[in-house]
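S.K.: how does the following fold in three dimensions:
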Amino acid sequence: MADEKPEITYDDFAKLDLRVARILEASPHPNADRLIVLKVDVGGQERQIVAGLRAYYEPAAMVGKDIIIVANLAPRKMRGLESQGMLLAASRLEPGADAPAEVVVLMPERPLPSGSRVS
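M.R.: Numbers count the residues shown, from 1 in each chain. The predicted structure follows:
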């Protein structure tokens, strides 16, 4: 793979807290053309996640979906709004392209309670 990252140890991986989150609300970011603002439920705790999905997903179609997030990622401001986690997605990049040709948000195969651990 052309863009491989450095090898990590199991202990490095074990630091990630991956959880199932249910999308409660989704809307376009008011100050960014490429971002969507998600309100998610993670085991009874509501969080806001800002993700670069606007070119790939209609916000209204995301409501009610279960996704996988990195729950213990430090909060980060994205165009003025705080993102309290990161969702997991796969992407396909065409040779020479600036942006992915396709982005697919990772979702559990079957419904699980929000907050469920992913390992």
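
S.K.: show me where this structure has helices.
M.R.: Assigned helices in the chain, in chain order: 10-14, 59-62 (criterion: DSSP state H).

S.K.: most tightly packed of these?
M.R.: Highest mean neighbour count among the helices of the chain (mean count of other C-beta atoms under 10 Å): helix 59-62, with a mean of 14. From N, CA and C alone the C-beta is placed, and that goes for glycine too.

S.K.: burial count for the closest residue to Gly80 other than its chain neighbours?
M.R.: For Gly80, ignoring the flanking residues on the chain, the nearest one in space by C-beta to C-beta, 6 or more residues apart in numbering is Asn31 at 5.6 Å. Using other C-beta atoms under 10 Å, the number of residues around Asn31 comes to 10.

S.K.: please enumerate the strands of this structure.
M.R.: Secondary structure of the chain by DSSP state E: the strands cover 18-28, 36-42, 45-51, 66-70, 76-78, 81-83, 86-87, 89-92, 102-105, 117-118.

S.K.: the first one pairs with which strands, and in what direction?
M.R.: Partner strands and pairing direction for strand 18-28 (DSSP bridges) are strand 36-42 (antiparallel), strand 66-70 (antiparallel), strand 117-118 (antiparallel).

S.K.: mind checking how far the residue nearest the centre of the chain is from Leu18?
M.R.: Centroid check for the chain by C-alpha atoms, centre = their mean gives Leu87 as the closest residue, at 1.4 Å. To Leu18, Leu87 is 11 Å away according to C-beta to C-beta, to the nearest Å.
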